[in-house]
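Engineer: take a look and give me a structure for this.
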Amino acid sequence: MEKGRNYKTKLALVSRAAVGLLLLLSSFTKAGDLETFVNLLLQYGFPAVVWAAPAIVIIEALAGVCLLLNIYPKQASLFSAGMIAVFSVVFLYGYLFRDITDCGCFGKTALLKLPPWATFVRNAVLLLLLFVSWRFSDHATPAVRRKYIIALGTLLLVTFFTGYTFSHRKGQGKAHPLYQQSVKETVLPQLLHTSPDSTYLVVIFSYRCDGCWNYFENVKRYNDPAIADRLVVLSVGKDSAGVFNDYFLPDFEIREVEEKTVARLTQVVPAMLYIAGDTVRHVVQGTILTRYLFEKNYLQTY
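Structural biologist: You can find the predicted model right below:
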């Protein structure tokens, strides 16, 4: 009898550790680049939830810490199961109705991304592990002071990275990897032909991004040689119903490109690249500035 109980206790311990580590990894990868996670929420069509993005990351880290350190294990298992179930339902909605194939669980960490079917399988396995943890974990016992110190330190670290990457947005472009890069060293030659004596403004957006729709009237103002010799607009996905085209009536070509190609240019949409002398001179992410602000803040300093 005691042997069976010990086996179940160890099984619960392994289950908690596996899920806890995964939740912590997920929270730290999103905290390291919250802009990508915020952009994903916008693609789901939940602009009001954007400001809750830091809280989501911190709560995920809290659940992971409690599972790993065996702090209120039954409650932590039940809460984590509910959280994963909600995330799964939201991802299912995005996959079925908004053509989203990346759950965003691990930010932009490509090695941890899974196809949709594998994401649902993984979440089902996590729910099973959490059931085992909930069913066979001992009831909460007073945690030693060391556990609370470790938990608090971990949460403070996640909170710091989350707050830093949320406020230190990449809008100014000079920290972007493409800044001052030669065009030939990027994926851009696959998308357009450039000339050293011409200027180009490349706008990247997604039909699934509600924020991109909000900014598109600004895009139309850039179709002017006074800004750049050529405006190039790249889109992720397709306007299969023609709603976007019928509403905005763009008088320029919108070229559809694969998401994996766009990911080599930017992890955040919308985005703007200004090219001159076959070099990427400016990068703006997360917004399409009005023409006035772009000229004032970028072209006048170039």
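Engineer: packing partners for the helix or strand Val284 falls within?
Structural biologist: In this assignment (DSSP states H and E), Val284 forms part of strand 279-285. If you count contacts as 3 or more CB pairs under 8 Å, 6 or more residues apart in numbering; DSSP states H and E, strand 279-285 packs onto strand 271-276. Where C-beta positions appear, they are placed from N, C-alpha and C, glycine not excepted.
Engineer: helices and strands around the strand it packs on, which ones?
Structural biologist: Strand 271-276 packs on strand 199-206, strand 279-285, going by 3+ CB pairs under 8 Å, 6+ apart.
Engineer: circling back: and the strand holding Val284, how far from the chain's centre?
Structural biologist: Taking CA atoms, centre = their mean, to the nearest Å, the mean C-alpha location of strand 279-285 is offset from the chain mean by 20 Å.
Engineer: need the next SSE after it, C-terminal direction.
Structural biologist: Sequence order places helix 291-297 as the next helix or strand after strand 279-285, per DSSP H and E.
Engineer: pull out the buried positions in that following helix.
Structural biologist: Residues of helix 291-297 classed as buried: 291, 294 (neighbour count, 16 or more other CB atoms under 10 Å).
Engineer: please apply the same query to stretch 228-235.
Structural biologist: Residues 228, 230-235 are the ones in stretch 228-235 that count as buried (16+ other CB under 10 Å).
Engineer: just curious, which of those is nearest to Val284?
Structural biologist: Ala228 (13.4 Å; CB to CB).
Engineer: where does the closest one land in three-state SS?
Structural biologist: coil (DSSP: H, G, I helix; E, B strand; the rest coil).
Engineer: separation between the closest residue to it other than its chain neighbours and Cys66?
Structural biologist: Nearest residue to Ala228, sequence neighbours excluded (CB to CB, 6 or more residues apart in numbering): Leu201, at 4.0 Å. Plainly put, Leu201 is 49 Å away from Cys66 if you go by CB to CB, to the nearest Å.
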